[in-house]
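Undergrad: Sequence plus predicted model, see below.
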Amino acid sequence: MSMDDLKRQAAARALEQVQDGMKLGLGTGSTAKHFVELLGERVKAGLKVVGVPTSEATRADAERCGVPLTTLEDVDRLDLTVDGADEVDPHLELIKGGGGALLREKIVAAASDRMIVIADDSKWVDALGRFPLPIEVIPFGLGATRRAIEAAFAQNGVSGPMDIRKTKDGHVFVTDGGHWIIDARLGRIPDPPKLAASLNSIPGVVEHGLFIGLARTVVLAGAQGIRVVDRP
Ligand SMILES: O=C(CO)[C@H](O)[C@H](O)COP(=O)(O)O
């Protein structure tokens, strides 16, 4: 079975949690895209839902698949967000933002009563940090912001190279919000909640890819089948 088949299986399992009338957060990335496509099939068959997309890419996918969209101005709370992740640890803390949509993803997840993460089982790790941590920053004052991030890393016992994310053709990657992303190769993050709190307090850091306390359930698809892990 291909990786893509596994991602679609995870998406299909999460779809079982969707009920008529729900307001949904729609994640970003190749796994979340499967969820949007499968959701579109259910909508065509009569399911009534509305979705808030977490990126312009997901907005385009949802429109193509016929999923009705709304905004967080027009609805109070979302019932459920389904999104992918770059890493998941045994406490169900996450690294997200490999696709560059972390800011909207976190806003949408925080506005949801429940977040289900869908992934192939290669995303499950003992400790977060092998995947470079995305940190979304304002371009103004970047040198000062970088130094403050380095100081936060030192206080948290981590270090590693920091790269401004580039597109394939070598241009700086610009997020949907007009910001840049620093990818920090930390290797292993001993205390993700503590590092998240440190990064939250740095002026110039718009958001970061540590999703702490947000995922309620993780659906992992692997060669042996599907494993569903709930936050204790
Ligand atoms: O956080 C994300 C985008 O910002 C994605 O959810 C994450 O990168 C996983 O993507 P994929 O499902 O393609 O592996």
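TA: Sure thing, it's come through.

Undergrad: what sits against the spatially most central residue of the chain?
TA: Compute the mean C-alpha point of the chain, and by Cα atoms, centre = their mean the closest residue is residue 96, 4.1 Å away. Taking Cβ atoms under 8 Å, 6 or more residues apart in numbering as the contact definition, residue 96 lies against 83-86, 102, 105-106, 134, 209, 211. For the C-beta atoms, the positions are set from N, CA and C on the backbone; glycine is no exception.

Undergrad: before we move on, what about residue 183?
TA: The neighbourhood of residue 183, defined by Cβ under 8 Å, 6+ apart, consists of 132-135, 162-163, 165.

Undergrad: and residue 154, how many neighbours?
TA: Neighbour count of residue 154, defined by other Cβ atoms under 10 Å: 11.

Undergrad: The closest residue to residue 93 other than its chain neighbours and the ligand, how far apart?
TA: Closest residue in space to residue 93, ignoring its immediate chain neighbours: residue 192 at 4.9 Å, by Cβ to Cβ, 6 or more residues apart in numbering. Here the criterion is Cβ to the nearest ligand atom, to the nearest Å. By it, residue 192 lies 15 Å from the ligand.

Undergrad: One more: residue 113?
TA: In this structure, residue 113 and the ligand are 20 Å apart, going by Cβ to the nearest ligand atom.

Undergrad: Make residue 1 into 54 and carry on from there
TA: New numbering, starting at 54: the last item is residue 166.

Undergrad: Touching, that residue and residue 132? I think so.
TA: Yes. Here residue 166 lies in contact with residue 132, judged by Cβ atoms under 8 Å, at a distance of 5.6 Å.

Undergrad: that older thread, now do the same for the residue nearest to residue 146: its pLDDT.
TA: Note for residue 245: predicted pLDDT of 98.

Undergrad: ok, now residue 105?
TA: Predicted confidence (pLDDT) for residue 105: 98.

Undergrad: Map the structural domains onto the sequence of the protein.
TA: 56-178+265-276, 186-259 (the TED database).

Undergrad: hey, which of the ones you listed is tucked in deepest?
TA: Comparing the domains of the chain by mean neighbour count (mean count of other Cβ atoms under 10 Å), domain 56-178+265-276 comes out on top with a mean of 20.

Undergrad: Now residue 206: closest residue in space that isn't a chain neighbour?
TA: Taking Cβ to Cβ, 6+ apart as the measure, residue 206 lies nearest to residue 212, with 5.4 Å between them; neighbours along the chain are not counted.

Undergrad: Hmm, I typed the wrong one, I wanted residue 90.
TA: Leaving out its chain neighbours, residue 90 is closest to residue 118 (Cβ to Cβ, 6+ apart), at 5.6 Å.

Undergrad: Tell me who's in contact with that neighbour.
TA: With contact set as Cβ under 8 Å, 6+ apart, residue 118 has these partners: 89-90, 92-94, 96.
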